[in-house]
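Chemist: Generate a structure from the sequence data that follows.
(one chain, ligands or ions: 1)
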Amino acid sequence: RLEKVETVRRDFVANVSHELRTPLTVLAGFLETVRELKLDPQRTRYYMNLMAEQARRMQRIVEDLLALSTLESSPEPSLEERVNVQGLLARVKSDADALSGGRHHVTLEAMEGFDIAGAESEIASAFGNLASNAVRYTPEGGTVRLIWRASQEGAEFTVEDTGVGIETQHIVRLTERFYRVDRGRSRETGGTGLGLAIVKHALMRHQATLEIQSEPGKGSRFSAHFSARRVMPAATRPASATAV
Ligand code: ADP
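Modeler: Sure thing, here's the model as predicted:
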């Protein structure tokens with residue numbers, strides 16, 4: 001078991017180095033060009049933009065790595081703390097709309113009356129990643145459905161899209177760190193390959209499971225299943241708050 005842990009650790013360090021090395025090499029190359037060549041302002045600006053893009057890519061990777069490491073080192077999410085799911089879903093929907101920029105039809109169907117117990121930031125990150133993936137892997141004109149409902153075991157959050165879909169052999173590996181089916185599309189849409197690893201980890205800490213169904217060319221469905229232990233009746237929220 002120890003040997004296995006050591007191999008996983010080594011692979012991880014190698015992957016991180018590789019992921020950061022690529023944008024860093026490109027960035028260093030452009031810097032060299034701008035420093036050595038006498039370029040007109042327009043050309044300089046062009047290279048600056050390319051450099052900024054590579055820097056952003058590295059930033060996203062580091063942010064996601066930090067998010068993963070925080071998940072690994074934080075205490076178990078509380079069973080008493082309430083996540084206001086309705087409010088969170090509204091934010092997830094508006095972020096998905098913003099990311100789509102009107103290119104997709106994004107819908108939200110949410111049952112009311114129950115919430116989850118746990119860490120709001122972690123649930124927000126899990127739901128947000130699933131929604132943004134659906135937008136990023138669905139071509140223009142497609143539909144993304146966000147669904148929150150009671151289920152037999154407790155409650156579930158489902159994201160359904162009419163996007164590119166995933167071939168069966170990839171599905172079991174999707175939550176591995178840096179695993180991507182289509183690197184080009186992942187990169188073009190600002191992906192780091194860490195999104196689903198974060199989703200799985202955040203859900204696992206809430207004893208929730210991730211179920212993935214997909215058909216290439218038709219679309220995908222990602223569902224987070226919460227057990228009854230984590231589901232609690234929604235707080236009765238006053239229509240308007242009174243400041244004292
Ligand atoms: P990335 O940052 O590359 O999107 P993720 O960890 O979020 O990384 O997802 C891993 C891979 O799973 C993606 O690169 C993509 O190939 C695939 N994937 C994730 N969500 C979807 C989806 N809704 N439809 C099709 N493929 C998806």
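
Chemist: The lowest-mean-pLDDT helix or strand in the chain near the ligand at all?
Modeler: Every helix and strand in the chain was compared by mean pLDDT, DSSP states H and E; the lowest is helix 183-188, with a mean of 88. Yes. Counting by CB under 6 Å from any ligand atom, the ligand is contacted by helix 183-188 at residue 186. Placement of C-beta: from N, CA and C, glycine included.

Chemist: quick one: contacts of the very next helix or strand once past that helix?
Modeler: Remark: after helix 183-188, the chain's next helix or strand is helix 195-204, criterion DSSP states H and E. Under the contact criterion CB atoms under 8 Å, 6 or more residues apart in numbering, helix 195-204 has outside partners 64, 67-68, 71-72, 122-123, 125-126, 129-130, 132-133, 174-177, 179, 209-210, 222, 224.

Chemist: and the longest helix seen in the chain, how far out from the chain's middle?
Modeler: Longest helix in the chain, counting residues (DSSP state H): helix 2-36. Chain-centre distance of helix 2-36: 21 Å, with CA atoms, centre = their mean, to the nearest Å.

Chemist: Could I get the buried residue list for that helix?
Modeler: 16, 19, 23, 27, 30, 34 (16 or more other CB atoms under 10 Å).

Chemist: and the residues you listed as a markdown table, adding distance to the ligand and pLDDT?
Modeler: Below are the buried residues of helix 2-36 laid out as a markdown table (distance: CB to the nearest ligand atom, whole Å; pLDDT from 0 to 100):
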| residue | distance to the ligand | pLDDT |
| --- | --- | --- |
| 16 | 14 | 93 |
| 19 | 11 | 92 |
| 23 | 14 | 93 |
| 27 | 20 | 94 |
| 30 | 23 | 93 |
| 34 | 29 | 91 |
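
Chemist: of those, closest to residue 79?
Modeler: Closest to residue 79 out of the buried residues of helix 2-36 is residue 16 (33.5 Å), distances taken as CB to CB.

Chemist: where does the chain come near the ligand, residue by residue?
Modeler: Counting by CB under 6 Å from any ligand atom, the chain sits next to the ligand at 133-134, 137, 161, 163-166, 174, 179-182, 186, 191-197, 220.

Chemist: Please consider this matter closed, and thank you.
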